[in-house]
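sharing a model that was predicted from the sequence below.
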Amino acid sequence: MDRFLLHVAIEQPSVENEKRIMRLVRGEESASGEIPEAASQDAVLKARGEVRQVSMADAVDDYIVALIGATREPAAYGENLGRWIRVGASPRGSIALDRTSRAHAWLQGRDHVSPDDVRAVAPDCLRHRIILSYEANAEGVTADDVLDALLQQVAVA
């Protein structure tokens, strides 16, 4: 298990949702009105096995590698990107994209990964894996801004 696999940005809940969260934690309410049970170890292991079986076409592999490569050679994708990224993602970034893209596809009920799955998880996988330059910070550019630009620039092969 990679505890740094994702950096998920979560907005603060509304007042009503915050009350529901408190009640859920207290065990007073759930979506079905019953106290939720934890998933069994067997269910988790079965799901992991099913996620591993989700197929990935070579073109999607190439897309993942191209996205990671773009974080390392950002100037090839625009002057601003070249100024904004100081350090790109390591191979752990491509591993994270591979794993989470498969999980995303599985959660959508599909047995294969599409480029849309990669794009859906890329910000959460990569926002903490790139280091922005002083110029980016001075200009108020965030990692999400940089990743949005990369996702618009890097084409699926």
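Sure thing, it's come through. Predicted model only: the values in this text are computed from it and were never measured.

chain center to the lowest-mean-pLDDT helix or strand in the chain, what's the gap?
In the chain, no helix or strand scores lower on mean pLDDT, DSSP states H and E than helix 15-26, which sits at a mean of 75. Chain-centre distance of helix 15-26: 26 Å, with CA atoms, centre = their mean, to the nearest Å.

other SSEs contacting that helix?
Helices and strands touching helix 15-26, by 3 or more CB pairs under 8 Å, 6 or more residues apart in numbering; DSSP states H and E: there are none. C-betas here are computed from N, CA, C, even on glycine.

what element comes up after that helix heading to the C-terminus?
Downstream of helix 15-26, the first helix or strand assigned by DSSP states H and E is helix 41-52.

about what we covered before: return the alpha-carbon coordinates of the least confident helix or strand of the chain using PDB.
In PDB, the C-alpha atoms belonging to helix 15-26 read as follows (Å, rounded to 0.1, in the frame of the first residue of the first chain):
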ATOM      1  CA  VAL A  15     -23.400  23.000   7.000                       C
ATOM      2  CA  GLU A  16     -26.000  20.300   6.400                       C
ATOM      3  CA  ASN A  17     -23.500  17.800   5.100                       C
ATOM      4  CA  GLU A  18     -21.200  18.500   8.100                       C
ATOM      5  CA  LYS A  19     -24.100  17.600  10.400                       C
ATOM      6  CA  ARG A  20     -24.600  14.400   8.400                       C
ATOM      7  CA  ILE A  21     -20.900  13.500   8.800                       C
ATOM      8  CA  MET A  22     -21.100  14.000  12.500                       C
ATOM      9  CA  ARG A  23     -24.200  11.700  12.700                       C
ATOM     10  CA  LEU A  24     -22.500   9.100  10.500                       C
ATOM     11  CA  VAL A  25     -19.500   9.000  12.700                       C
ATOM     12  CA  ARG A  26     -21.700   8.600  15.800                       C
END
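
quick check: which ranges of the protein have low pLDDT?
Applying pLDDT under 70 to the chain flags the ranges 1-7, 26-38.

just the helices from it, written as ranges.
Ranges of helices in the chain, per DSSP state H, are 15-26, 41-52, 58-72, 79-84, 91-107, 115-126, 134-138, 143-153.
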